[in-house]
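# Everything below, folded, please.
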Amino acid sequence: MAAATETVMVDEISYPSNITTTKPLSLLAHGITDMEIHFLQVKFYSIGVYCEPEIVNHLQQWKGKSAKELEDSDDFFASLISAPVEKLIRIVVIKEIKGSQYGTQIETAVRDRLAAEDKYEEEEEEALEKVVEFFQSKYFKKHSVITFYFPANSPTAEIVVSLEGKEDSKFVAENANVVEAIKRWYLGGSSAVSPSTTTSLATTFSAELSK
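Predicted structure coming up:
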C-alpha cells in the first residue's frame, strides 16, 4: 500500500506517505475542511489519515463494494474505526486559528455525539474539559501540526501539537467514549467533519479491497 513517492501533496501541504509509530503506518486518505463564506471557499486545515496497511484484513466483508457504496455506508466507517490496528490523524493548519477556537470545535463535536447516545456523563465532561484546556493557550499559525494517535488495543488518544520554533506538546486522552467520538469526528462517514476525507477513505478502501 505504500505510495511510490515519499510525500503526498494535500492542498499545497506535503504529507509523508509513511509515518512510523510503533509500526509503519501508510497514508491511506486525505482531505481538507472548508466552508463557503460569502461565495468564497475558505480552507481551514488539511487532514491525512494513516493506518497499518493490514487494516484491509479487518474489512473483508466490504470486498467488492464501489467507492460510492462505501462512502454512503456509516457501517463501513464504524468497522474502520473499530478495526484493531494503529491509526493516526495528522492535521495541518491552513488558516491560522486560536487553540481556544479549535478546542471549542472539538468540544462541540464530541459533546454532541456523546449526548445523542446518552454517553455524556460527568467523567466524559471532565475528560473533554482537559482536552479543551490542552489546546486553550496555543496559537496555530499556518503549517502548525496537530496529530491524534490511536494505539491498536488501547482506548486512548495521544494528541501532539507541533508549533514552529517550539517543542512539541503532548496530551493523552484516556476516556474511551471521548476518544471514540474524536475518531468519529474525523473518520465517521456521513457525520465526519471533512467530506473530502470521507470520499478519499472510501475510494482507497474500495480499490484495496478489490485486489
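# Tell me which residues are up against the lengthiest helix in the chain.
As assigned by DSSP state H, the longest helix anywhere in the chain is helix 99-116. The contact list for helix 99-116 (CB atoms under 8 Å, 6 or more residues apart in numbering) reads 120, 124, 128, 131-140, 146, 161, 177-178, 181-182, 184-185, 191, 193. Yep, even glycine has a C-beta here, placed from its N, CA and C like the rest.
# quick one, what contacts Pro155?
Contacts of Pro155 (CB under 8 Å, 6+ apart): Glu174, Asn175, Ala176, Val179, Glu180.
# what's the closest of those residues to Arg90?
Ranked by distance to Arg90 (CB to CB), the contacts of Pro155 are led by Val179 at 16.9 Å.
# my read: the closest one touches Val172, true?
No - with contact defined as CB atoms under 8 Å, Val179 and Val172 do not form a contacting pair (9.7 Å).
# For those two, work out which one has more neighbours and name it.
A side-by-side neighbour count of Val179 and Val172, using other CB atoms under 10 Å, places Val179 first with 21 against 15.
# Check the more buried one and give its pLDDT.
With respect to pLDDT, Val179 has a value of 98.
# Contact partners for it?
Phe150, Pro155, Thr156, Ala157, Ala173.
# what stretches of the protein score poorly on pLDDT?
Low-confidence segments of the chain (pLDDT under 70): 1-5.
# so where do the helices sit in it?
67-71, 74-82, 99-116, 122-136, 176-187, 195-209.
# Turn those into JSON lines, including distance to Tyr15.
JSON lines is the format used below for those (distance: least, CB to CB, whole Å):
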{"stretch": "helix 67-71", "distance to Tyr15": "21"}
{"stretch": "helix 74-82", "distance to Tyr15": "19"}
{"stretch": "helix 99-116", "distance to Tyr15": "19"}
{"stretch": "helix 122-136", "distance to Tyr15": "22"}
{"stretch": "helix 176-187", "distance to Tyr15": "15"}
{"stretch": "helix 195-209", "distance to Tyr15": "12"}
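# Done for today, thanks.
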